[in-house]
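1. Okay, sequence plus prediction incoming.
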Amino acid sequence: MTRKKVKLAYITNDSARKATFKKRKKGLMKKVSELSTLCGIDACAIMYSPYESQPEVWPSAMGVQRVLSKFRKIPEMEQSKKMVNQESFLSQRIAKASEQLKKQCKDNREKEMTQLMFQNLIGKAGMHGLNMMDLNDLGWLIDQNLKEIDKRVDFLSKTSHNPQGSSSSVAATQSAMTTAMPEATPRASVGESVQTETNNNFESMQRQHWIMELMNTNPQSHVGFGGDEMMFPFGDNINVNNNALWSNAFFPWEK
(Lines give C-alpha, C1' and ligand atoms only; values in the text may rest on other atoms or scores of the structure.)
Protein backbone atom coordinates (compact mmCIF):
# COMPACT_ATOMS: atom_id res chain seq x y z
CA MET A 1 0.00 0.00 0.00
CA THR A 2 1.37 3.41 -0.98
CA ARG A 3 2.24 5.70 1.88
CA LYS A 4 0.05 8.78 2.07
CA LYS A 5 1.84 12.08 1.52
CA VAL A 6 1.92 14.17 4.68
CA LYS A 7 0.75 17.76 4.44
CA LEU A 8 3.41 20.13 5.80
CA ALA A 9 1.27 22.19 8.13
CA TYR A 10 0.94 22.71 11.87
CA ILE A 11 -0.88 19.82 13.53
CA THR A 12 -3.68 21.30 15.59
CA ASN A 13 -4.53 18.12 17.47
CA ASP A 14 -2.37 17.87 20.62
CA SER A 15 -2.18 14.10 20.86
CA ALA A 16 -1.44 13.68 17.16
CA ARG A 17 1.20 16.41 17.33
CA LYS A 18 2.91 14.75 20.34
CA ALA A 19 2.91 11.35 18.66
CA THR A 20 4.39 12.85 15.50
CA PHE A 21 7.11 14.59 17.53
CA LYS A 22 8.26 11.42 19.20
CA LYS A 23 8.32 9.49 15.96
CA ARG A 24 10.14 12.19 14.04
CA LYS A 25 12.61 12.80 16.87
CA LYS A 26 13.81 9.22 16.73
CA GLY A 27 14.11 9.42 12.97
CA LEU A 28 16.10 12.66 13.20
CA MET A 29 18.55 11.22 15.75
CA LYS A 30 19.00 8.16 13.58
CA LYS A 31 19.76 10.31 10.51
CA VAL A 32 22.40 12.33 12.40
CA SER A 33 24.05 9.12 13.56
CA GLU A 34 24.07 7.69 10.04
CA LEU A 35 25.48 10.92 8.63
CA SER A 36 28.32 10.97 11.15
CA THR A 37 29.16 7.31 10.56
CA LEU A 38 28.92 7.22 6.77
CA CYS A 39 30.69 10.52 6.07
CA GLY A 40 33.10 10.57 9.01
CA ILE A 41 32.12 14.03 10.25
CA ASP A 42 31.64 15.54 13.68
CA ALA A 43 27.95 16.15 14.29
CA CYS A 44 25.65 16.71 17.23
CA ALA A 45 21.99 17.36 17.81
CA ILE A 46 20.27 19.41 20.55
CA MET A 47 16.50 19.27 20.65
CA TYR A 48 14.14 21.25 22.88
CA SER A 49 10.48 20.35 23.23
CA PRO A 50 7.52 21.48 25.35
CA TYR A 51 6.99 17.89 26.45
CA GLU A 52 10.27 17.55 28.40
CA SER A 53 12.06 19.88 30.78
CA GLN A 54 15.60 19.00 29.65
CA PRO A 55 16.77 19.11 26.02
CA GLU A 56 17.66 15.87 24.33
CA VAL A 57 21.15 15.65 22.86
CA TRP A 58 23.09 13.34 20.62
CA PRO A 59 25.51 11.59 20.95
CA SER A 60 26.04 12.73 24.54
CA ALA A 61 26.50 15.90 26.60
CA MET A 62 30.31 15.58 26.40
CA GLY A 63 30.16 14.90 22.68
CA VAL A 64 28.02 17.98 22.16
CA GLN A 65 30.46 20.13 24.19
CA ARG A 66 33.37 18.87 22.10
CA VAL A 67 31.65 19.64 18.78
CA LEU A 68 30.53 23.10 19.96
CA SER A 69 34.04 23.96 21.19
CA LYS A 70 35.50 22.98 17.83
CA PHE A 71 32.87 25.08 16.08
CA ARG A 72 33.61 28.18 18.17
CA LYS A 73 37.31 28.00 17.22
CA ILE A 74 36.41 28.55 13.57
CA PRO A 75 36.53 32.21 12.38
CA GLU A 76 33.20 34.03 12.49
CA MET A 77 33.06 34.42 8.72
CA GLU A 78 33.40 30.66 8.30
CA GLN A 79 30.83 30.00 11.03
CA SER A 80 28.12 32.05 9.33
CA LYS A 81 29.01 31.01 5.79
CA LYS A 82 26.55 28.13 5.60
CA MET A 83 24.50 28.97 8.68
CA VAL A 84 20.83 29.73 8.12
CA ASN A 85 17.76 30.15 10.26
CA GLN A 86 14.21 29.39 9.28
CA GLU A 87 13.65 32.80 7.67
CA SER A 88 16.83 32.80 5.60
CA PHE A 89 16.29 29.19 4.59
CA LEU A 90 12.81 29.98 3.29
CA SER A 91 14.12 33.10 1.52
CA GLN A 92 16.74 31.02 -0.28
CA ARG A 93 14.12 28.47 -1.31
CA ILE A 94 11.83 31.22 -2.62
CA ALA A 95 14.66 32.87 -4.58
CA LYS A 96 15.66 29.53 -6.12
CA ALA A 97 12.08 28.71 -7.05
CA SER A 98 11.62 32.18 -8.57
CA GLU A 99 14.74 31.73 -10.68
CA GLN A 100 13.55 28.34 -11.90
CA LEU A 101 10.14 29.79 -12.72
CA LYS A 102 11.74 32.63 -14.67
CA LYS A 103 13.89 30.20 -16.64
CA GLN A 104 10.93 27.95 -17.37
CA CYS A 105 8.84 30.90 -18.58
CA LYS A 106 11.66 31.93 -20.89
CA ASP A 107 11.94 28.40 -22.30
CA ASN A 108 8.19 28.20 -22.83
CA ARG A 109 8.15 31.58 -24.57
CA GLU A 110 11.01 30.57 -26.85
CA LYS A 111 9.25 27.32 -27.78
CA GLU A 112 6.04 29.23 -28.44
CA MET A 113 7.81 31.68 -30.76
CA THR A 114 9.63 28.82 -32.49
CA GLN A 115 6.34 27.11 -33.21
CA LEU A 116 4.87 30.39 -34.47
CA MET A 117 7.88 30.95 -36.74
CA PHE A 118 7.55 27.53 -38.37
CA GLN A 119 3.79 27.95 -38.76
CA ASN A 120 4.40 31.22 -40.60
CA LEU A 121 7.00 29.59 -42.82
CA ILE A 122 4.62 26.86 -43.95
CA GLY A 123 1.69 29.25 -44.26
CA LYS A 124 -0.46 27.88 -41.43
CA ALA A 125 -0.46 31.11 -39.40
CA GLY A 126 -0.20 34.82 -40.04
CA MET A 127 1.03 37.88 -38.18
CA HIS A 128 -2.24 39.78 -38.12
CA GLY A 129 -3.13 38.81 -34.54
CA LEU A 130 0.32 39.44 -33.04
CA ASN A 131 0.95 42.32 -30.67
CA MET A 132 4.15 44.32 -30.29
CA MET A 133 5.60 41.96 -27.67
CA ASP A 134 5.02 38.93 -29.90
CA LEU A 135 6.64 40.67 -32.87
CA ASN A 136 9.67 41.70 -30.82
CA ASP A 137 10.13 38.18 -29.43
CA LEU A 138 9.71 36.66 -32.89
CA GLY A 139 12.26 39.09 -34.37
CA TRP A 140 14.73 38.26 -31.60
CA LEU A 141 14.33 34.53 -32.25
CA ILE A 142 14.86 34.98 -36.00
CA ASP A 143 18.00 37.05 -35.34
CA GLN A 144 19.38 34.32 -33.09
CA ASN A 145 18.79 31.68 -35.76
CA LEU A 146 20.48 33.86 -38.39
CA LYS A 147 23.49 34.33 -36.11
CA GLU A 148 23.75 30.57 -35.63
CA ILE A 149 23.59 30.10 -39.41
CA ASP A 150 26.35 32.69 -39.94
CA LYS A 151 28.53 30.99 -37.33
CA ARG A 152 28.03 27.63 -39.03
CA VAL A 153 28.86 29.08 -42.45
CA ASP A 154 32.04 30.70 -41.09
CA PHE A 155 33.06 27.44 -39.44
CA LEU A 156 32.55 25.44 -42.63
CA SER A 157 34.41 28.08 -44.66
CA LYS A 158 37.40 27.98 -42.31
CA THR A 159 37.34 24.18 -42.30
CA SER A 160 37.33 24.01 -46.10
CA HIS A 161 40.32 26.38 -46.32
CA ASN A 162 42.24 24.57 -43.57
CA PRO A 163 44.89 22.25 -45.12
CA GLN A 164 44.82 20.07 -41.99
CA GLY A 165 41.03 19.80 -41.90
CA SER A 166 38.92 16.69 -41.98
CA SER A 167 39.24 14.09 -44.70
CA SER A 168 35.84 15.07 -46.07
CA SER A 169 37.02 18.64 -46.62
CA VAL A 170 40.15 17.40 -48.37
CA ALA A 171 38.12 15.08 -50.56
CA ALA A 172 35.73 17.91 -51.41
CA THR A 173 38.65 20.15 -52.38
CA GLN A 174 40.22 17.45 -54.54
CA SER A 175 36.88 16.82 -56.22
CA ALA A 176 36.50 20.51 -56.96
CA MET A 177 40.01 20.63 -58.45
CA THR A 178 39.31 17.55 -60.57
CA THR A 179 36.11 19.09 -61.84
CA ALA A 180 37.83 22.36 -62.68
CA MET A 181 40.74 20.80 -64.60
CA PRO A 182 38.86 19.83 -67.82
CA GLU A 183 37.87 23.48 -68.29
CA ALA A 184 41.40 24.37 -69.35
CA THR A 185 41.08 22.81 -72.80
CA PRO A 186 37.77 24.49 -73.79
CA ARG A 187 39.15 27.86 -72.72
CA ALA A 188 42.18 27.40 -74.92
CA SER A 189 39.92 26.37 -77.82
CA VAL A 190 37.82 29.49 -77.38
CA GLY A 191 40.96 31.63 -77.48
CA GLU A 192 42.12 29.92 -80.67
CA SER A 193 38.68 30.43 -82.23
CA VAL A 194 38.77 34.13 -81.44
CA GLN A 195 42.28 34.43 -82.85
CA THR A 196 41.24 32.55 -86.02
CA GLU A 197 38.19 34.76 -86.47
CA THR A 198 40.36 37.88 -86.04
CA ASN A 199 42.84 36.65 -88.66
CA ASN A 200 39.99 35.93 -91.09
CA ASN A 201 38.57 39.41 -90.61
CA PHE A 202 42.02 40.90 -91.10
CA GLU A 203 42.53 38.99 -94.38
CA SER A 204 39.08 40.07 -95.56
CA MET A 205 39.94 43.70 -94.94
CA GLN A 206 43.22 43.24 -96.86
CA ARG A 207 41.36 41.81 -99.85
CA GLN A 208 38.80 44.60 -99.86
CA HIS A 209 41.46 47.28 -99.74
CA TRP A 210 43.40 45.61 -102.53
CA ILE A 211 40.28 45.54 -104.72
CA MET A 212 39.61 49.23 -104.06
CA GLU A 213 43.23 50.10 -104.83
CA LEU A 214 43.13 48.10 -108.01
CA MET A 215 39.92 49.79 -109.17
CA ASN A 216 41.29 53.24 -108.45
CA THR A 217 44.55 52.54 -110.26
CA ASN A 218 42.85 51.25 -113.47
CA PRO A 219 39.56 53.16 -113.71
CA GLN A 220 39.12 52.48 -117.45
CA SER A 221 39.40 48.71 -117.11
CA HIS A 222 36.09 48.22 -115.27
CA VAL A 223 33.08 47.21 -117.27
CA GLY A 224 29.96 49.32 -116.73
CA PHE A 225 31.73 52.30 -115.13
CA GLY A 226 33.65 55.11 -116.64
CA GLY A 227 36.62 56.81 -115.16
CA ASP A 228 34.42 59.67 -113.91
CA GLU A 229 31.61 57.41 -112.75
CA MET A 230 33.58 55.46 -110.16
CA MET A 231 31.90 55.82 -106.71
CA PHE A 232 33.51 55.24 -103.31
CA PRO A 233 31.60 55.22 -100.06
CA PHE A 234 34.15 57.36 -98.20
CA GLY A 235 34.67 60.10 -100.81
CA ASP A 236 36.49 60.46 -104.12
CA ASN A 237 39.67 62.18 -102.90
CA ILE A 238 41.32 59.11 -101.42
CA ASN A 239 44.97 58.91 -102.33
CA VAL A 240 45.47 55.18 -102.47
CA ASN A 241 48.75 55.44 -104.29
CA ASN A 242 50.47 56.84 -101.20
CA ASN A 243 49.13 54.11 -98.95
CA ALA A 244 51.99 51.72 -98.31
CA LEU A 245 50.11 49.51 -95.93
CA TRP A 246 49.82 46.63 -98.36
CA SER A 247 53.01 45.50 -100.07
CA ASN A 248 53.45 43.22 -103.06
CA ALA A 249 54.62 40.50 -100.71
CA PHE A 250 50.96 39.74 -99.87
CA PHE A 251 49.90 39.78 -103.51
CA PRO A 252 52.72 38.46 -105.74
CA TRP A 253 50.80 39.15 -108.93
CA GLU A 254 50.96 42.95 -108.38
CA LYS A 255 53.75 44.84 -110.08
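-> On my side now, so go ahead.
2. Quick check: which ranges of the stretch 101-250 of the chain have low pLDDT?
-> 163-250 (pLDDT under 70).
3. Show me the strands in this protein, by range?
-> 45-47, 56-58 (DSSP state E).
4. In its sheet, which strands sit next to the first one, and in what direction?
-> Yep, that's strand 45-47 we're talking about. According to DSSP bridges, strand 45-47 forms sheet pairs with strand 56-58 (antiparallel).
5. outside of the strand it pairs with, which residues touch it?
-> 25, 29, 32, 33, 44, 45, 46, 47, 49, 63, 64 (C-beta atoms under 8 Å, 6 or more residues apart in numbering). For glycine as for every other residue, the C-beta is placed from the backbone atoms N, C-alpha and C.
6. Identify each buried residue in it, please.
-> Residues 57, 58 are the ones in strand 56-58 that count as buried (16 or more other C-beta atoms under 10 Å).
7. In CSV: the contacts of strand 56-58, plus distance to residue 88, neighbour count and pLDDT.
-> As requested, the contacts of strand 56-58 are exported to CSV (distance: C-beta to C-beta, whole Å; neighbours: other C-beta atoms under 10 Å; pLDDT from 0 to 100):
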residue, distance to residue 88, neighbour count, pLDDT
25, 24, 15, 92
29, 25, 16, 93
32, 22, 15, 94
33, 27, 14, 94
44, 21, 18, 94
45, 20, 18, 94
46, 20, 12, 93
47, 21, 13, 93
49, 23, 13, 90
63, 27, 15, 93
64, 24, 17, 94
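8. between the residues you listed, which is closest to residue 96?
-> residue 32 (25.0 Å; C-beta to C-beta).
9. thinking again about what came up before, just the ones of the contacts of strand 56-58 in helices?
-> 25, 29, 32, 33, 63, 64 (DSSP state H).
10. any idea how far residue 45 is from the fifth one?
-> This points to residue 63. To residue 45, residue 63 is 10 Å away according to C-beta to C-beta, to the nearest Å.
11. ok so, going back, the contacts of strand 56-58: which two are farthest apart?
-> Checking the contacts of strand 56-58 with C-beta to C-beta, the most distant pair is 49 and 63, at 19.9 Å.
12. so who does the residue lying closest to residue 142 once chain neighbours are set aside touch?
-> Once flanking residues are discounted, residue 142 sits nearest to residue 117: 6.7 Å by C-beta to C-beta, 6 or more residues apart in numbering. By C-beta under 8 Å, 6+ apart, the residues touching residue 117 are 138, 141, 142.
13. Just the buried ones among those, please.
-> Neighbour counting over those (16+ other C-beta under 10 Å) leaves 138, 141 as the buried ones.
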